[in-house]
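Engineer: Let's see this in three dimensions:
(one chain, ligands or ions: 1)
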Amino acid sequence: MPRTSRPTDYYLHTLPGIEGIAWEEVQEQVDAAELQGFKVVPGRNGILLFSTLADPAVLTRVRTGEDLFWTMARVPEVPWGREGLSMMSDRLMQELSVNHGLNLLGSLRPMPSSKPVTFRVISRMAGKNQPYRRKELADMVTRVVRHRTRRQWRAVREGEQVELWANLLGRELLLGMRLSDETMRHRSYQQVHLPASLRPSMAAAMVRLTQPAPDDVFLDPLCGTGTILIERGLYGRHGLLVGGDIDQAALMAAQENIGPQHKPRELLLWDAQRLPLADGSVDCVASNLPFGKQLSRPRDLPVLYRGLCAEIARLLSSQGRAVLLTSEIRRLRAALEEQQGLVLRRTYSVSLLGQRATIQIVERSPSYSQEQEV
Ligand SMILES: C[S@@+](CC[C@H](N)C(=O)[O-])C[C@H]1O[C@@H](n2cnc3c(N)ncnc32)[C@H](O)[C@@H]1O
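Structural biologist: Prediction:
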């Protein structure tokens, strides 16, 4: 890895809403990182911008991130309209350099030494409608890169060695070189997928929100293909992992995905409304609850949420925490309110495949702990 004395600017794509959680993970993974800000591409990505001296290979292992980019350029205060397009072009024609990014890429995977380097520009625009299209933004960046590399780099439509992303977000252009490949986002453990499988980076964020401890008993009562349980296993030491599902096919998928790792653990076929676990025996719950469309009979949802919340209220230890993901926010809140001894601590608004959802963090209420001590 080439060492420079100056920190490198990076950004991470996350699922929308978990960029703050990704920042906490980055700070844990690297010694010194400086936050440069957060951005959102509505419905698509959260963006976490930061700088660090750390090796990019470490950053590609940030589990709450989906993709890592080298920040090639940021152009603020872009005027609206075609004037803005010319302004961005002028700035980039003067300043853009690609070499550092190529070194970073070369430190992550072998890059063919033969010329020319092939590249492709992906463009996105969010904010006020512009009188030009995304393609014109991509074409402008392509021309700049050709010019700045003295035509050594060649634009291709597919099979490129280097992927550049031009994001015009409101009045700022953020230009990045993608450093990670698809292995950052798709985990090798996901052998079996089902339609409702959770994105691993969201599962990793939920695991972090449970505040894991090395000896905790961790439960996913609706584990599906096991993504959350596996991310908990990968996070670090645990006491016991417990998961189950009402669907035999989902449970078999979870068994296959988990494989022989992450012991001790138990996977059981069950109804989450009647769990075979002792009162107060669980420290952390994290679960991706079925949304309306995912149940064959959506009208069963209120009953399931109520039954599940009653079980969480019964099972959670006095310092316990539950992290629940759903798009049925009102339904979940109504079910939680019926349970004495639980309080809603915090809500994160997130987005999954363009659908709005929330992560709700639930804890024991202080009065419950006192009652137990009496
Ligand atoms: C949204 S999916 C969870 C997906 C999981 N996080 C993953 O990555 O595969 C919800 C799961 O809840 C299960 N489920 C629905 N009703 C249930 C019930 N009463 N008891 C247990 N599991 C149930 C479904 O079979 C489904 O696998």
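Engineer: residues from this structure in reach of the ligand?
Structural biologist: Residues of the chain lying near the ligand by CB under 6 Å from any ligand atom: 194, 196-198, 222, 224-225, 227-228, 245-247, 250, 271-273, 288, 290, 294, 304. In this view, the C-beta of every residue, glycine as well, is placed from N, C-alpha and C.
Engineer: Which members of these are positioned in helices?
Structural biologist: 227-228, 250, 304 (DSSP state H).
Engineer: Going by neighbour count, which of these comes out on top?
Structural biologist: Ile228 (31 neighbours; other CB atoms under 10 Å).
Engineer: how much space between that one and Ile18?
Structural biologist: 14 Å (CB to CB, to the nearest Å).
Engineer: Run a quick neighbour tally on the one residue in the chain that gets nearest to the ligand.
Structural biologist: The nearest approach of the chain to the ligand comes at Gly224, 2.6 Å away (CB to the nearest ligand atom). Using other CB under 10 Å, Gly224 has 27 neighbouring residues.
Engineer: Next up, the contacts around it.
Structural biologist: 194, 196-198, 245, 250, 253-254, 288 (CB atoms under 8 Å, 6 or more residues apart in numbering).
Engineer: 10 Å instead, please
Structural biologist: Going by CB atoms under 10 Å, 6 or more residues apart in numbering, Gly224 touches 193-198, 243, 245, 247, 249-251, 253-254, 257, 287-288, 290, 294.
Engineer: related to what we said a few turns ago, mind putting the ones in helices among the residues of the chain next to the ligand into JSON lines with distance to Ser97 and pLDDT?
Structural biologist: Output for these, formatted as JSON lines (distance: CB to CB, whole Å; pLDDT from 0 to 100):
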{"residue": "Thr227", "distance to Ser97": "40", "pLDDT": "97"}
{"residue": "Ile228", "distance to Ser97": "42", "pLDDT": "98"}
{"residue": "Ala250", "distance to Ser97": "50", "pLDDT": "96"}
{"residue": "Leu304", "distance to Ser97": "55", "pLDDT": "95"}
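Engineer: could these go into a markdown table alongside distance to Ala357?
Structural biologist: Shown next, in a markdown table, are these (distance: CB to CB, whole Å):
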| residue | distance to Ala357 |
| --- | --- |
| Thr227 | 15 |
| Ile228 | 14 |
| Ala250 | 20 |
| Leu304 | 17 |
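Engineer: Now which of the contacts of Gly224 would you call buried?
Structural biologist: Buried by 16 or more other CB atoms under 10 Å: 197-198, 243, 245, 250-251, 253-254, 257, 287-288, 290, out of the contacts of Gly224.
Engineer: Out of the residues you listed, which sit inside strands?
Structural biologist: 243, 245, 287-288 (DSSP state E).
Engineer: Which strand residues bridge the residue nearest to Gln27 when sequence neighbours are not counted?
Structural biologist: Excluding its sequence neighbours, the residue lying closest to Gln27 (CB to CB, 6 or more residues apart in numbering) is Ala33, at 5.9 Å. Counting by DSSP bridges, Ala33 is bridged to Thr52.
Engineer: right, and Ala33 touches Ala22 too?
Structural biologist: No - using CB atoms under 10 Å, Ala33 makes no contact with Ala22, being 11.2 Å away.
Engineer: Looking at these two, which is more packed in?
Structural biologist: Set Ala33 next to Ala22 and count neighbours by other CB under 10 Å: Ala22 wins out with 27 against 19.
Engineer: okay, and the common contacts of Ala33 and Ala22?
Structural biologist: Shared contacts of Ala33 and Ala22, defined by CB under 10 Å, 6+ apart, are found at Phe50.
Engineer: picking that back up, phi, psi of the residue of the chain closest to the ligand?
Structural biologist: Main-chain dihedrals, Gly224, degrees, to the nearest 10: phi 50, psi -130.
Engineer: Name every strand pairing with the helix or strand where Thr71 lies and say which way it goes.
Structural biologist: If you go by DSSP states H and E, Thr71 is part of strand 67-75. Sheet pairing of strand 67-75 (DSSP bridges) gives strand 8-14 (antiparallel), strand 172-178 (antiparallel).
Engineer: Which one of those lies nearest to Arg133?
Structural biologist: Nearest of the strands paired with strand 67-75 to Arg133, taken as CB to CB: strand 172-178 at 15.3 Å.
Engineer: quick one: the closest one to chain centroid distance?
Structural biologist: 19 Å (CA atoms, centre = their mean, to the nearest Å).
Engineer: Quick one: name whatever helix or strand follows it.
Structural biologist: Later in the chain than strand 172-178, the nearest helix or strand by DSSP H and E is helix 200-209.
Engineer: how far is the helix or strand that comes right after that following helix from where the chain is centred?
Structural biologist: Downstream of helix 200-209, the next assigned helix or strand under DSSP H and E is strand 217-220. Offset of strand 217-220 from its chain centre (CA atoms, centre = their mean): 21 Å.
Engineer: What is the burial count for Thr149?
Structural biologist: If we define neighbours as other CB under 10 Å, then Thr149 has 19 of them.
Engineer: Would you confirm that it contacts Asn99?
Structural biologist: Yes - using CB under 10 Å, Thr149 is in contact with Asn99, at 9.2 Å.
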